[in-house]
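# Generate coordinates for the sequence data below:
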Amino acid sequence: GWIDLLDAVIKGDPARPVAVSISWGVPEDDPESMSPAAVQAINNKLHTLALLGVTVCTAAGDDGSGI
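Below you'll find the model as predicted:
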C-alpha cells in the first residue's frame with residue numbers, strides 16, 4: 001500500500017507530480033496499526049520526496065498531530 005504508492009511517485013510512474021495529498025491514515029504510534037519498521041520506511045520515502053521537491057500534504061486526523 002503506502003510504500004508501493006510512494007515508490008511509484010518517487011519513480012515518476014507514470015509522471016512525478018509536484019504535490020501529493022494524503023487524506024487517510026492510521027495512528028503511527030499504535031503498533032497494531034503500523035509497525036515501527038513501516039513508519040521508518042514511510043518516513044524515508046517522504047524524505048526522498050522532499051529532496052525531489054515534491055510537496056506532501058497529509059491530514060492530521062481528528063486528534064491532530066502528536067509529532
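
# Find the nearest non-adjacent residue to residue 24, please.
residue 59 (7.2 Å; Cβ to Cβ, 6 or more residues apart in numbering). Any C-beta I mention is one placed from the backbone N, CA and C, and that applies to glycine too.

# and the one you found, how many neighbours does it have?
As a burial measure, residue 59 scores 11 neighbours (other Cβ atoms under 10 Å).

# again, but for residue 22
13.

# measure the residue nearest to residue 24 to residue 18 for me?
Separation of residue 59 from residue 18 (Cβ to Cβ, to the nearest Å): 19 Å.

# quick one: secondary structure of the nearest residue to residue 49 once chain neighbours are set aside?
Spatially, and ignoring its direct neighbours in sequence, residue 49 is nearest to residue 56 (5.6 Å; Cβ to Cβ, 6+ apart). Three-state assignment for residue 56 (DSSP: H, G, I helix; E, B strand; the rest coil): strand.

# mind exporting the helix or strand harbouring residue 47 as PDB, just the C-alpha atoms?
For residue 47, the host element (DSSP states H and E) is helix 36-51. Provided in PDB are the C-alpha atoms of helix 36-51 (Å, rounded to 0.1, in the frame of the first residue of the first chain):
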ATOM      1  CA  PRO A  36       7.900   0.800  13.700                       C
ATOM      2  CA  ALA A  37       9.700  -0.500  10.600                       C
ATOM      3  CA  ALA A  38       6.800   0.500   8.400                       C
ATOM      4  CA  VAL A  39       6.800   4.000  10.000                       C
ATOM      5  CA  GLN A  40      10.600   4.300   9.300                       C
ATOM      6  CA  ALA A  41      10.200   3.100   5.700                       C
ATOM      7  CA  ILE A  42       7.400   5.600   5.000                       C
ATOM      8  CA  ASN A  43       9.400   8.400   6.700                       C
ATOM      9  CA  ASN A  44      12.400   7.500   4.400                       C
ATOM     10  CA  LYS A  45      10.200   7.700   1.300                       C
ATOM     11  CA  LEU A  46       8.700  11.100   2.500                       C
ATOM     12  CA  HIS A  47      12.300  12.400   3.000                       C
ATOM     13  CA  THR A  48      13.100  11.300  -0.600                       C
ATOM     14  CA  LEU A  49      10.100  13.100  -1.900                       C
ATOM     15  CA  ALA A  50      11.100  16.200  -0.100                       C
ATOM     16  CA  LEU A  51      14.600  16.000  -1.700                       C
END
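
# Understood, closing this out.
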